[in-house]
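Student: got a predicted structure here, sequence first:
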There are 2 protein chains.
Amino acid sequence: MDSMDPSREFVTNVKRIIVKVGTAVVTRADGRLALGRLGALCEQLKELNSQGYEIVLVTSGAVGLGRQRLRYRKLVNSSLADLQNPQYEIDGKAAAAVGQSSLMALYDTLFSQLDVTSSQHLVTDNDFRNVSFRKQLSETVKSLLALKVIPIFNENDAVSTRRAPYEDSSGIFWDNDSLAGLLALELKADLLILLSDVEGLYSGPPSDPNSKLIHTYIKEKHQGEITFGDKSRLGRGGMTAKVNAAVCAAFAGIPVVITSGYGTDNVIKVLQGKRVGTLFHQDAHLWTKVKEVGAREMAVAARDCSRRLQALNSEERRNILLDIADALEANETLIKVENDADVAEAQEAGYEKSLISRLALKPGKATSLAKSIRVLADMEDPIGHVLNRTEIADGLILEKTSCPLGVLLIVFESRPDALVQIASLAIRSGNGLLLKGGKEAKRSNAILHKVITSAIPNKVGDKLIGLVASRDDIPDLLKLDDVIDLVIPRGSNKLVSQIKNSTKIPVLGHADGICHVYVDKSAKADTAKQIVLDAKIDYPAACNAMETLLVHKDLSSKCTGLLYELIMELQQEGVTLYGGPRACSLLNIPEAHSFHYEYNSMACTVEIVDDVHAAIDHIHRHGSSHTDCIVTENHEVAEIFLHGVDSAAVFHNASTRFCDGARFGLGAEVGISTSRIHARGPVGVEGLLTTRWILRGNGQVVDGDKGVIYTHKQLPLQIQL
Amino acid sequence: MDSMDPSREFVTNVKRIIVKVGTAVVTRADGRLALGRLGALCEQLKELNSQGYEIVLVTSGAVGLGRQRLRYRKLVNSSLADLQNPQYEIDGKAAAAVGQSSLMALYDTLFSQLDVTSSQHLVTDNDFRNVSFRKQLSETVKSLLALKVIPIFNENDAVSTRRAPYEDSSGIFWDNDSLAGLLALELKADLLILLSDVEGLYSGPPSDPNSKLIHTYIKEKHQGEITFGDKSRLGRGGMTAKVNAAVCAAFAGIPVVITSGYGTDNVIKVLQGKRVGTLFHQDAHLWTKVKEVGAREMAVAARDCSRRLQALNSEERRNILLDIADALEANETLIKVENDADVAEAQEAGYEKSLISRLALKPGKATSLAKSIRVLADMEDPIGHVLNRTEIADGLILEKTSCPLGVLLIVFESRPDALVQIASLAIRSGNGLLLKGGKEAKRSNAILHKVITSAIPNKVGDKLIGLVASRDDIPDLLKLDDVIDLVIPRGSNKLVSQIKNSTKIPVLGHADGICHVYVDKSAKADTAKQIVLDAKIDYPAACNAMETLLVHKDLSSKCTGLLYELIMELQQEGVTLYGGPRACSLLNIPEAHSFHYEYNSMACTVEIVDDVHAAIDHIHRHGSSHTDCIVTENHEVAEIFLHGVDSAAVFHNASTRFCDGARFGLGAEVGISTSRIHARGPVGVEGLLTTRWILRGNGQVVDGDKGVIYTHKQLPLQIQL
């Protein structure tokens, strides 16, 4: 998720860069040079210089620095009388003259440390009125750049006859931002970077938590939103001048990035195509329809559609599902063509067989998907169920009713059938949906999405289900915790962890599936063998496959115990065994690296435990709270285990592989959750619902709890239409 | 939450500081000086110098820098033949000699820019064998520090006759870490800061995500855990030398902090008492029992106790609650004494009346609290309820049962009675609990916690309920997303937002309570008036109080409409009104700043809307999904509102003030949730439960779904014992 942003791909063609650094970056609050920031800037420019970039630096800061120096000089020279009257004005021109040499001396020292040569260019507005000056400037800079020198520009404030502050923008340039823009054009730069004291351009004051950093400036969209001409630093972070310069340069064909000069590697990041700061690019309006703007709009549209979907009656919602089922069957050929294309491409790319087999829709799949949608359609409508009904007081009736969660974001692997399942579950539960499937199934997902959404009636809107085009959109979506209500990642442990770490939206899913089978001393040998084998080998890569086998110590006696039979059977099936300390010393197997380990393959850990309590303790200590099983004929021991193991699913004498939405009879499944909040275990329609309290009265008031006489009588549930 | 860490309070007495910066901080990967980091370091030292601290710098980096310089020199001097054979060895002494002057030149330049004078001190191991040298050194440094000069130390590698690498530590010092430690002792420093390339000392390799930064080193605890003597950088981030130096200095009485020299303000932060890096302090073992170690241990203990609590039967859990009720009554006098002390202190401190009134336990409160606990005890046990029962296949029965969430962390305001309520809800629901109450109620909370936990039997353990001593522990607790399952903040919008932003643990609660009352055109005037008044004035600071009144446009005609009556009534009661654009232009009231605003006082916003759909739209756009109400006699319109408004609670003809756990008949309430995941609206016992799937079979296996014939038959629910 940290790769190049598509809207920043143009940087691969950048060679010549103008970097402008402002006073707020160059100097500290006390007027002295900000050595850390300047050092980091020089290091970055050195780095880019070595990589072959041509760099021109435009630097402010001389006036402020000179003022501080002169003030210090005055203090050193002053008499006691002067000190008692410390108010004095320092001349701006004088400050510029003093500061400029001091500033350049530091740049020279810093660049020398890095074996970089720099040069100084002080220019005025007037110079640029002269055509031959402009020509000569280009040539001088060109020859310096050819020698890998970094030219450093500043306005020649010490000799300029303009009066500061420059209140108009009538000149050729009027500040270092516009000077940088002008130089970018004159020197035919490929990129202009303006370094500021904030991260970029915000939609509002940067201090307001509701302000969002604008990644890509779009004239049509942002020009109206942002108050230009507002010179207050507070309002827009001193951005007006920068945005004006950036807009001018961008529409003259030179991309501009405004970013923070406080970071130690922002300039490098910009050149790596990372999405830092705000980009101004003349083509921005072309891409941004798909990007950035897209994320929030997509989510908001899905929410609006979901509210309209909720407002339909049960029969109408059922009909949508039936229409989708029909559409899938009617478009079977079309779907096959696209799926074949995906499969062919995956084969060509040399993907592993298991991926290709998940990717391919087998013949008749459209029919079987349609069939399962019809089953879902015929299930009782889960929305608006009255779960609880209480008379609070005479004539005041409270109902707790089921209602959709809102908008779901589901990131799933390369199984196109998952898209159909998830979409139908979302519609059945009244939710809006944003889907991001594996890129290998791109064409299959696109056609399935099209077939499904075209069956959604206009009064709901086909934006109910959004197909997220690129993985790069996910970071944007994960920020929308005000619109998206639940994220369900279906994929690798890494994907789940990454998503959990980068969003405030609740995440439903599981990272690990470390399932245990505990064989108690009273286990029937045959039952134990068949459960252990099925739990491990029915589908070893599944999250509900057994990863650790725990065996009661009494079964390990001599070489005749059930432990040995289990070991033999597993090894005969080709399962590689690793042992805990006790199992290792008894059996001839290598030691397991860790008890908290998911093999996801034909391998498992074996350990010997003293009794059911030790087994529970082991599971609590090393498990992942997914599915754990006891094999025993002793029902008392079974109940201790069933109530003692604190996992999402706990089984007695049944294979862990049963832990699955379809096998549990939930219809389709959006995932298996090991978190304790909201839904736990296999999650079907029910896990996509929340509740709403509805209270009906006839004018009752609280009035310090004297307004009514509370009765709190439970009433029978009635179906609410 | 960003204040001084208690274990770092000693920094307020620090005056003389030794800062040691290593090669990995001073130089870059290419051997050149890391200008950004050095600049930031000098800026920090300047800052501290101005604040009156005495600073001694120990710097490495000369050898590496000299080596890079000499290599460059050789390249410049080289012939083509040399260039084709670029392998050459550079002498370490020579490199040290060249590098030292270059390094000092840069320090001098940087410090000069900041108007700081620095001095150079090159010392060898041998020098320190001479007592008069040591005495003289102290005196020299002392006089420099008195002049605000920063002395810069390095080992005089160019003349030292020791052979590098120094494989033993037999000398007086053997690297700059031990030199810094030695100087700290010689110069009687108050603090030694060792700047490294990692954040501090980790429990394992810093690259391993399971490694945790150790905030405070405790010899007894960490010496065993961390492999000392391991010289590999990979293993401990090159920490061994630093830790050895730090331990020596710390146990000689000089506190040491190891932190990163990559950050731009870590040195400043250390002096501000922020918890950055790893602290070594001779008294560390005394405080850390309460801190750091405490957070995780407390949470783990609460989880263990909660598992034992779950294992009890219903009757046993009921008895605990009854014992607590008795204990509260029996200790009424004791509780009163402590509460009186809190109240007296709060009055003395001049807290506002409302806080003091919440703080004070009124006479008879112990009895009424005991009574409500007995009601809770007599409620049906919520744990182990079978919520769903399915026959999956012949002899394979699946149950979805209720079970506790696990461990709750509740941060609540200064109401001691809330502690009792929350604790009894947690016990009733089988959860472990960590409680942090307002500091004003410290003594009341302590006694209530003691009375309650002493009534918890040993077989559960009194650590079931932990009382968090200080607000500073909260950041530690919020990191424990593997042990704590739910955080419930009860307090200001700011507290809720802060907690939400700083944890991955799910947070239950609400930030805003912007409740609406919509008066439809068919509303009965009297009903509307009494609901609007009650919703606003019954308790204006409550989260379920009305903040916005929406009125149908037909009621605003002339000066006779219901709108005018409502406005008058509100104004008569002393409510200040603000208007939306339409209301403003019609009524003589000031404009509301924003529709998304919670007054929490005798004020509200008024706006006119076209109809129920416009009202719903307004609520979706500007509300906070807490509680919204319609007043109407038209039942069709009421149902549109009840099903259309997507809030936690939606009311018809009843005051929004009814939205409350007690009024809803849930018994006590832990909070009101506006999030959509898990629990919504007022949350009682039910919201503290999750589910567990229990599957009972007799050896069934999946076997590619040919193992059983699925029946998926719903069975009647039976109470599970």
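Tutor: Looks like it arrived, so ask away.

Student: mind checking which helix or strand of chain A has the lowest mean pLDDT?
Tutor: Here the helix or strand of chain A ranked lowest by mean pLDDT, DSSP states H and E is helix A:233-236, holding a mean of 31.

Student: just the pLDDT for whatever residue of the stretch 201-350 of chain A ends up closest to chain B.
Tutor: Closest to chain B within the stretch 201-350 of chain A is A:T264: 5.3 Å, counting by CB to the nearest CB. Glycine gets a C-beta too; all of them are placed from N, C-alpha and C. Looking at A:T264, its pLDDT stands at 87.

Student: report pLDDT for the residue nearest to it when sequence neighbours are not counted.
Tutor: Excluding the flanking residues, the one nearest A:T264 by CB to CB, 6 or more residues apart in numbering or on different chains is A:A40, at 4.2 Å. If you check A:A40, the pLDDT there is 94.

Student: what's the burial count for A:A40?
Tutor: A:A40 has 26 neighbours, counted by other CB atoms under 10 Å in any protein chain shown.

Student: what does A:R67 give?
Tutor: For A:R67, using other CB under 10 Å, the count is 21.

Student: surely it and A:I90 touch.
Tutor: Yes: the pair A:R67 and A:I90 passes the contact test of CB atoms under 8 Å, sitting 5.0 Å apart.

Student: ok, now how distant is A:H618 from chain B?
Tutor: Distance of A:H618 to chain B, computed by CB to the nearest CB, to the nearest Å: 14 Å.

Student: report the residue ranges of every domain in chain A.
Tutor: A:6-287, A:294-501, A:515-669 (automatic domain parsing).

Student: would CSV of those domains with distance to B:V702 be doable?
Tutor: Listed next are the domains of chain A as CSV, based on distance: least, CB to CB, whole Å:
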stretch, distance to B:V702
domain A:6-287, 43
domain A:294-501, 19
domain A:515-669, 4
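
Student: between those domains, which one is nearest to B:H552?
Tutor: When the domains of chain A are ranked by distance to B:H552, counting by CB to CB, first place goes to domain A:294-501 at 20.3 Å.

Student: now do the end-to-end distance for the closest one.
Tutor: In domain A:294-501, first residue to last residue: 23 Å (CA to CA, to the nearest Å).

Student: is it in proximity to chain B?
Tutor: Yes: using CB under 8 Å from any CB of the partner chain, we find that domain A:294-501 touches chain B at A:307, A:310-311, A:384, A:390, A:392, A:396, A:398, A:403, A:405-406, A:485-486, A:500-501.

Student: from the residues you listed, which ones fall inside helices?
Tutor: Using DSSP state H, A:307, A:310-311, A:500-501 are the members of the residues of domain A:294-501 next to chain B that sit in helices.

Student: for PyMOL, what selects the buried ones among the residues you listed?
Tutor: Buried residues among these (16 or more other CB atoms under 10 Å in any protein chain shown), as a PyMOL selection:
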select buried, chain A and resi 307+310+500
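
Student: now the two most distant members of the ones in helices among the residues of domain A:294-501 next to chain B.
Tutor: Pairwise distances across those peak at 36.7 Å for A:A311 and A:N501 (criterion: CB to CB).

Student: residues near A:M568, how many?
Tutor: Applying other CB under 10 Å, we find 11 residues neighbouring A:M568.

Student: so A:I505, which state does it fall into?
Tutor: coil (DSSP: H, G, I helix; E, B strand; the rest coil).

Student: buried ones in stretch A:524-532, by neighbour count?
Tutor: By 16+ other CB under 10 Å, the buried positions in stretch A:524-532 come out as A:524, A:527-532.

Student: using PDB, list the CA coordinates for that stretch.
Tutor: Extracted C-alpha coordinates of stretch A:524-532, given in PDB (Å, rounded to 0.1, in the frame of the first residue of the first chain):
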ATOM      1  CA  LYS A 524     -13.300 -43.300  21.500                       C
ATOM      2  CA  ALA A 525     -10.300 -44.200  19.400                       C
ATOM      3  CA  ASP A 526     -12.200 -44.300  16.100                       C
ATOM      4  CA  THR A 527     -14.000 -41.000  16.700                       C
ATOM      5  CA  ALA A 528     -10.700 -39.300  17.700                       C
ATOM      6  CA  LYS A 529      -9.000 -40.600  14.500                       C
ATOM      7  CA  GLN A 530     -11.600 -39.500  12.100                       C
ATOM      8  CA  ILE A 531     -12.000 -36.100  13.700                       C
ATOM      9  CA  VAL A 532      -8.300 -35.400  13.900                       C
END
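
Student: grab the most central residue of chain A for me.
Tutor: Against the mean C-alpha coordinate of chain A, by CA atoms, centre = their mean, the closest residue is A:P475 at 2.7 Å.

Student: one step back: I'd like the ones in helices among the residues of domain A:294-501 next to chain B laid out as a markdown table, including pLDDT.
Tutor: Conversion of these to a markdown table gives the following (pLDDT from 0 to 100):
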| residue | pLDDT |
| --- | --- |
| A:R307 | 90 |
| A:Q310 | 89 |
| A:A311 | 85 |
| A:K500 | 85 |
| A:N501 | 83 |
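
Student: does anything pack onto the longest strand seen in chain A? Which helices or strands?
Tutor: In chain A, with assignment by DSSP state E, the single longest strand is strand A:689-700. Packing contacts for strand A:689-700, counted by 3 or more CB pairs under 8 Å, 6 or more residues apart in numbering or on different chains; DSSP states H and E, involve strand A:386-393, strand A:396-404, helix B:525-537, helix B:635-644, strand B:649-654, strand B:681-683.

Student: partner strands of it, parallel or antiparallel?
Tutor: With DSSP bridges as the criterion, the sheet partners recorded for strand A:689-700 are strand A:396-404 (antiparallel), strand B:649-654 (parallel).

Student: and those, which one averages the lowest pLDDT?
Tutor: Looking at the strands paired with strand A:689-700, the bottom one is strand A:396-404 with a mean of 93.

Student: got the contact list for it?
Tutor: Strand A:396-404 is contacted from outside by A:306, A:309-310, A:382-392, A:429-431, A:688-698, A:700, A:708, A:715, A:720, B:646, B:654, B:658, B:664-665, using CB atoms under 8 Å, 6 or more residues apart in numbering or on different chains.

Student: looking at the domains of chain A, which is closest to B:K242?
Tutor: The minimum distance between B:K242 and the domains of chain A falls on domain A:6-287, with 22.9 Å, by CB to CB.

Student: for A:Q113, which non-adjacent residue is closest in space?
Tutor: Nearest to A:Q113 is B:L33, by CB to CB, 6+ apart, at 5.2 Å.

Student: that neighbour and B:L103 touch, don't they?
Tutor: Yes: here B:L33 reaches B:L103: they are 7.1 Å apart, a contact under CB under 8 Å.

Student: contact partners for the residue nearest to A:G438 when sequence neighbours are not counted?
Tutor: Distances taken as CB to CB, 6+ apart place A:S414 nearest to A:G438, at 3.1 Å, with adjacent residues excluded. By CB under 8 Å, 6+ apart, A:S414 lies in contact with A:355, A:358-359, A:437-441.

Student: downstream of the longest helix along chain A, the next helix or strand is which one?
Tutor: With secondary structure taken from DSSP H, chain A has its longest helix at helix A:92-113. Using DSSP states H and E, the helix or strand that follows helix A:92-113 towards the C-terminus is strand A:118-123.

Student: give me the contact status of that following strand with chain B.
Tutor: No: using CB under 8 Å from any CB, strand A:118-123 stays clear of chain B, coming no nearer than 13.5 Å.

Student: any idea how far that strand is from the middle of the chain?
Tutor: Remark: strand A:118-123 is offset 44 Å from the chain centroid, using CA atoms, centre = their mean, to the nearest Å.

Student: so which bits of it are buried?
Tutor: A:118, A:121-123.

Student: show me what the residue nearest to A:Q113 is bridged to.
Tutor: According to DSSP bridges, beta-bridge pairing links B:L33 with B:T27.
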